[in-house]
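**Student:** quick one, fold the following:
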Amino acid sequence: MSALAAVLFDMDGTLVDTEVLWWEVTAQVAAGLGHALGDADAPEVVGRAVEDTAAHLVRVAGGGDPDRVAADLGEGFFRRVTAGAPLRPGAGRLLSELAAEGVPFALVSASPRAVVDSVVAGALAGVPFAFTLSADDTPRTKPHPEPYRAAAARLGAAPRACVAVEDSPDGAASAEAAGCGVLVVPSLLDVAASPARSFARSLEDVTLDVLRGCRLA
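**Tutor:** Alright, predicted model coming up:
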């Protein structure tokens with residue numbers, strides 16, 4: 001195996017506890033469309049881009065303007081995130097350990113740029129990310145592999161030498177399809193096993209050695 005080149009972190013539900021906020025916003029918008037959000041909606045909501053969730057709500061509600069729904073979702077989520085998004089347990093310690101060891105790490109999110117910047121300025125203030133990549137920064141976002149391919153290229157690294165840390169099925173699928181090793185730390189949804197995926201109960205259990213053990217050959 002080659003050396004660990006970089007760690008690529010998802011944001012929502014992985015480093016910060018925002019998935020619950022996103023679910024609350026989606027439930028509110030769905031109710032306005034006459035749809036009661038439930039467990040069956042989760043795969044189209046958790047870890048998905050705003051536009052994907054908006055399209056799903058319009059579809060299950062039987063009508064609505066996808067652009068307006070997407071705007072309502074984005075604005076509602078931004079307000080909640082700005083009000084405060086706590087770090088997931090173990091996130092601060094792990095990021096500090098990587099920085100101390102000189103391992104590059106970046107943020108690869110399916111959230112809009114405004115949300116990413118708000119979280120980075122708040123809950124993740126002072127964290128030395130090499131860069132942050134939002135849904136606005138690639139033509140296609142998760143579950144497509146493009147975000148993780150773009151992140152690895154920006155770091156000058158082969159995807160197979162990078163480990164992505166994810167919490168959702170779509171995020172894990174994106175990283176795996178890009179060729180990264182994947183460490184899954186589930187939050188709201190179960191994530192299926194695969195040869196490219198390792199699992200941890202919490203970031204509190206994740207160390208640099210754990211991340212090194214997640215790499216693909």
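
**Student:** domain-wise, how is this structure divided?
**Tutor:** Domain ranges of the chain: 6-17+85-212, 19-83, per automatic domain parsing.

**Student:** do I have it right that Glu24 meets Arg79?
**Tutor:** No - contact between Glu24 and Arg79 fails when scored by Cβ atoms under 8 Å: they sit 10.9 Å apart. Placement of C-beta: from N, CA and C, glycine included.

**Student:** tell me which of the domains of the chain sits most buried.
**Tutor:** With neighbours defined as mean count of other Cβ atoms under 10 Å, those peak in mean count at domain 6-17+85-212, which reaches a mean of 20.

**Student:** centre of the chain to that domain, how far?
**Tutor:** On the basis of Cα atoms, centre = their mean, to the nearest Å, domain 6-17+85-212 sits 6 Å off its chain's mean C-alpha point.

**Student:** what's the mean pLDDT across that domain?
**Tutor:** Averaged across domain 6-17+85-212, pLDDT comes to 95.

**Student:** and Asp205, what does it touch?
**Tutor:** Counting by Cβ atoms under 8 Å, 6 or more residues apart in numbering, Asp205 touches Gly90.

**Student:** that one and Val127, how far apart?
**Tutor:** The gap separating Asp205 from Val127 is 20 Å, by Cβ to Cβ, to the nearest Å.

**Student:** secondary structure class of the residue lying closest to Gly122 once chain neighbours are set aside, three-state.
**Tutor:** Closest residue in space to Gly122, ignoring its immediate chain neighbours: Ala85 at 6.5 Å, by Cβ to Cβ, 6 or more residues apart in numbering. Classification of Ala85 by DSSP: H, G, I helix; E, B strand; the rest coil places it in coil.

**Student:** how about the helices in the chain?
**Tutor:** Counting by DSSP state H, the chain has these helices, from start to end: 19-32, 50-61, 66-83, 91-101, 113-121, 146-155, 169-178, 208-212.

**Student:** turn the ones you listed into JSON lines, columns for distance to Asp137.
**Tutor:** As requested, the helices of the chain are exported to JSON lines (distance: least, Cβ to Cβ, whole Å):
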{"stretch": "helix 19-32", "distance to Asp137": "19"}
{"stretch": "helix 50-61", "distance to Asp137": "14"}
{"stretch": "helix 66-83", "distance to Asp137": "16"}
{"stretch": "helix 91-101", "distance to Asp137": "21"}
{"stretch": "helix 113-121", "distance to Asp137": "7"}
{"stretch": "helix 146-155", "distance to Asp137": "7"}
{"stretch": "helix 169-178", "distance to Asp137": "14"}
{"stretch": "helix 208-212", "distance to Asp137": "24"}
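
**Student:** relative to Leu107, tell me which of those wins on proximity.
**Tutor:** Closest to Leu107 of these is helix 113-121 (Cβ to Cβ; 6.9 Å).

**Student:** which helices and strands sit right next to the closest one?
**Tutor:** When contacts are defined as 3 or more Cβ pairs under 8 Å, 6 or more residues apart in numbering; DSSP states H and E, helix 113-121 packs onto helix 66-83, strand 132-133.
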